[in-house]
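Chemist: Pasted the sequence and its predicted model underneath.
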Amino acid sequence: MQPVEQTNLFFRQRRWSSLLGFVLIGLLSLGSAWLTEFDSVRAVTSFLKALNWLFTRFHPTVESLAKLPKIGEKMAETILMAITATMMAAGISMVLAIIGSQTTRVNSFFGTISRGLASVLRNVPVIGWALILQFSFGQGMITGLLALLFGTTGYLTRAFIETIDGSSDSSVEALRASGANYLHVIRHAVLPSSLPQMMSWILYMIETNVRDATLVGILTGSGIGFLFELYYKGSYYNHASLIVLVIILVVIGIETLSNQIRRIIL
């Protein structure tokens, strides 16, 4: 078979594979809609009604601006909770990552334990941790903090392991060849090559945790999330909409600041 014919045959097979994939996805979508009794017409009309409600009732007013100091106080509480949980998780994750990394692990047993713990912590959503921890600690700031801590530890441990394995192989081998001990390898090879990327992950998790802390606060009765639930359930929609606006502005501000820091450290 000529090379041109082989190429044409390859592209024809790719086209048929892509077409088959689209057909299967379409059939799955239709089957899911049928099983869940999804009504597309009703969904569109409901969405339009929701938009109308948002523009007519869910917006800040001059009266709601009087609540801005209280909203600012709760927003600051939420930000501090997110930063505290992230920094505590970063310290724990650093240790777990060094133990679990292929490059720096002491032995395979502890490495497996570290990776397994990170997997468990990561695969339970932060909201799930909040619900679980409420049985032991009840509603409050400590429950929200621990929920963010557990979820963040799992995520950062995996990110730190990948960072260590991907950025420090050559320097670690060079130091080991020169006779350096384990602690010297960590201090002079692993940390210098991995810290900039680790800092980037920490900044990303602060952004994420500020958003998650809002949802966690609704469940745990803390921070800006609790205040939003209070206003929303009390039908103070103008106050609740102001909270949403403040959260959006704060998240955008934190994201902009962290992007600037990333450009400096990376």
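Modeler: Right, received. Where do you want to start?
Chemist: Summarise which helices and strands the helix or strand where T152 lies is packed against.
Modeler: Assigning secondary structure by DSSP states H and E places T152 in helix 141-167. Using 3 or more Cβ pairs under 8 Å, 6 or more residues apart in numbering; DSSP states H and E as the contact criterion, the elements in contact with helix 141-167 are helix 68-100, helix 108-123, helix 126-137, helix 191-220. (Glycine included, C-beta is placed from N, CA and C.)
Chemist: can you rerun that using 10 Å?
Modeler: In terms of contacts (3 or more Cβ pairs under 10 Å, 6 or more residues apart in numbering; DSSP states H and E), helix 141-167 is packed against helix 68-100, helix 108-123, helix 126-137, helix 191-220, helix 223-233.
Chemist: Pull out the buried residues from that helix.
Modeler: 141, 143-161, 163-165, 167 (16 or more other Cβ atoms under 10 Å).
Chemist: Distance to A180, mean neighbour count and mean pLDDT for the helices and strands packed on helix 141-167 - can I get that in TSV?
Modeler: Formatted as TSV, these follow (distance: least, Cβ to Cβ, whole Å; neighbours: other Cβ atoms under 10 Å; pLDDT from 0 to 100):
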stretch	distance to A180	mean neighbour count	mean pLDDT
helix 68-100	15	19	92
helix 108-123	20	15	90
helix 126-137	39	17	88
helix 191-220	13	21	89
helix 223-233	46	21	90
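Chemist: So which of those helices is nearest L242?
Modeler: helix 68-100 (6.3 Å; Cβ to Cβ).
Chemist: how far off helix 108-123 does the closest one point, in degrees?
Modeler: 160 degrees (axes from the mean of the first three to the mean of the last three Cα atoms, to 10 degrees).
Chemist: Helix 68-100 relative to helix 141-167, how many degrees between them?
Modeler: Using the same axes, to 10 degrees, helix 68-100 lies at 40 degrees relative to helix 141-167.
Chemist: distance of the closest residue to I261 other than its chain neighbours from V244?
Modeler: Counting by Cβ to Cβ, 6 or more residues apart in numbering, I261 lies nearest to L203, which is 6.0 Å off, once chain neighbours are set aside. Distance of L203 to V244, given as Cβ to Cβ, to the nearest Å: 24 Å.
Chemist: Once you drop chain neighbours, what's closest to L146?
Modeler: Nearest non-adjacent residue to L146, counting by Cβ to Cβ, 6+ apart: L133, 5.4 Å away.
Chemist: cool, N238 as well?
Modeler: Spatially, and ignoring its direct neighbours in sequence, N238 is nearest to S64 (4.1 Å; Cβ to Cβ, 6+ apart).
Chemist: For that neighbour, give me its contacts.
Modeler: S64 makes contacts with 71, 231, 236-243, 245, as judged by Cβ atoms under 10 Å, 6 or more residues apart in numbering.
Chemist: Now which of these would you call buried?
Modeler: With burial judged by 16+ other Cβ under 10 Å, the buried subset of those is 71, 231, 236-243.
Chemist: Looking at those residues, which is nearest I127?
Modeler: Nearest to I127 out of these is I243 (Cβ to Cβ; 18.9 Å).
Chemist: Is it correct that the closest one is in contact with K74?
Modeler: Yes: I243 is in contact with K74 according to Cβ atoms under 10 Å; the separation is 8.2 Å.
Chemist: Between those two, which contacts overlap?
Modeler: Residues touching both I243 and K74 (Cβ under 10 Å, 6+ apart) are 224-225, 227-228, 230.
Chemist: Can I get stretch 163-177 in CSV, CA atoms only?
Modeler: In CSV, the C-alpha atoms belonging to stretch 163-177 read as follows (Å, rounded to 0.1, in the frame of the first residue of the first chain):
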residue,chain,number,x,y,z
THR,A,163,6.6,19.0,41.8
ILE,A,164,9.5,17.2,43.7
ASP,A,165,9.6,14.3,41.3
GLY,A,166,9.6,16.6,38.3
SER,A,167,12.0,19.3,39.2
SER,A,168,14.8,17.9,41.4
ASP,A,169,16.0,14.6,40.0
SER,A,170,19.3,15.8,38.5
SER,A,171,20.3,17.9,41.5
VAL,A,172,19.4,15.1,43.9
GLU,A,173,21.5,12.6,42.0
ALA,A,174,24.5,15.0,41.9
LEU,A,175,24.4,15.5,45.7
ARG,A,176,24.0,11.8,46.4
ALA,A,177,26.9,11.0,44.2
